[in-house]
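In: Got a predicted structure plus its sequence, pasted below:
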Amino acid sequence: MPVDYECTFYGNRERSTPLSYALASEISEILRDARVPCLLIEDLMFRVLGIDGCNKHLDLALEDSHLDYAIDILRGEGFDDKTYPNCSTLLDELDKAGEAHFQPAHWFHLCDRTPLPRRIPPDSMGSAHPDDDEKAHVDLRLYRMSEYFWALPELPPVRSLLTTGDYIWTHDHRLPAHYLGTDPSQNSGLFPPDIPPVLIPSPARVIESLIRLKARDSKRPCRGRFWHLRLAYFMTVGRSEIAPGRAPPIGGALYEPDAFDGWQ
């Protein structure tokens, strides 16, 4: 049964877009208008690639030289980056200290997402909230390209919608078909045509980057475990039929051998 949520937003009081494709598009457009290209990564990127899973935050990578300017732009748009004790990114960073992982260079608070009580039929023995429907703190997190995607060429100009072997746009029809979830944060596949697309790394470059990250951190105490698990999840779930009538996400032109020919 779908769960309804109530969102309490931070920053600009006029902002009311929950974690979704629409929110990723909105923030990408803010940065593109300021001539700052950005790259959608992590949870929402995997959903665009058809890999269903958790979707906790909005994650964007930027060229190192653009990071400080992007922070100023987002502050000017009313995004809130003060310190809050309930911030899940802050708590995650404390918990993962010393572990290899996607470590944001900066983050903004988007909203607190609270599941609303369900209407339980009189003859039901179920509870109003299943264990996995907990209150969540949602952040916009920014990353340096040099830390995680150093082998990729510079992000293309903000008004270029050309597709390359390294980057694709989220309206690319080689991506899995758009799947409308019960909640906007659970959508997957390519972006619908009514919102501007966002740039993501091509699937081949995602796989290659995870391999590079695992190799880079293999001598750390964690031995690059995070990257190994991330890649294993991508390859395992990506080859599985997610639901009847939905083909496994990994397949088609984006995964042909020549998609990997540019790897150096």
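Out: Yep, it's here. Numbering: from 1, shown residues only.
In: So what touches the lowest-mean-pLDDT helix or strand in the chain?
Out: Ranked by mean pLDDT, DSSP states H and E, the weakest helix or strand in the chain is strand 5-9, scoring a mean of 86. For strand 5-9, contacts defined as Cβ atoms under 8 Å, 6 or more residues apart in numbering pick out R15, S16, P18, L110, C111, D112, R113, T114, P115, L116, D183. For every residue, glycine as well, the C-beta is placed using N, CA and C.
In: residue contacts, the fourth one?
Out: It refers to L110. L110 makes contact with F9, Y10, L19, L23, L58, F79, V138, D139, L140, according to Cβ under 8 Å, 6+ apart.
In: Drop anything exposed from those.
Out: For those, a burial check counting by 16 or more other Cβ atoms under 10 Å picks out F9, Y10, L19, L23, L58, F79, V138, D139, L140.
In: Can you tell me which of those residues end up in strands?
Out: Among the buried ones among the contacts of L110, the ones falling in strands (DSSP state E) are F9, L58, V138, D139, L140.
In: so what's the last one up against?
Out: Contact partners of L140, counting by Cβ under 8 Å, 6+ apart, are I27, H57, L58, L60, L74, F79, W107, F108, H109, L110.
In: Buried residues in the least confident helix or strand of the chain, which are they?
Out: Y5, C7, F9.
In: Also stretch 170-189?
Out: Going by neighbour count (16+ other Cβ under 10 Å), the buried part of stretch 170-189 is 170-172, 175-176, 178-179, 183-185, 187-189.
In: Please state the offset of that stretch from the chain centre?
Out: 13 Å (Cα atoms, centre = their mean, to the nearest Å).
In: can you redo the contacts of L140 as TSV with pLDDT?
Out: TSV is the format used below for those (pLDDT from 0 to 100):
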residue	pLDDT
I27	97
H57	94
L58	96
L60	98
L74	97
F79	96
W107	97
F108	97
H109	96
L110	95
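In: which among those residues gets closest to L213?
Out: L60 (17.7 Å; Cβ to Cβ).
In: so what's the closest one bridging to?
Out: When assigned by DSSP bridges, L60 has beta-bridge partners L40, L142.
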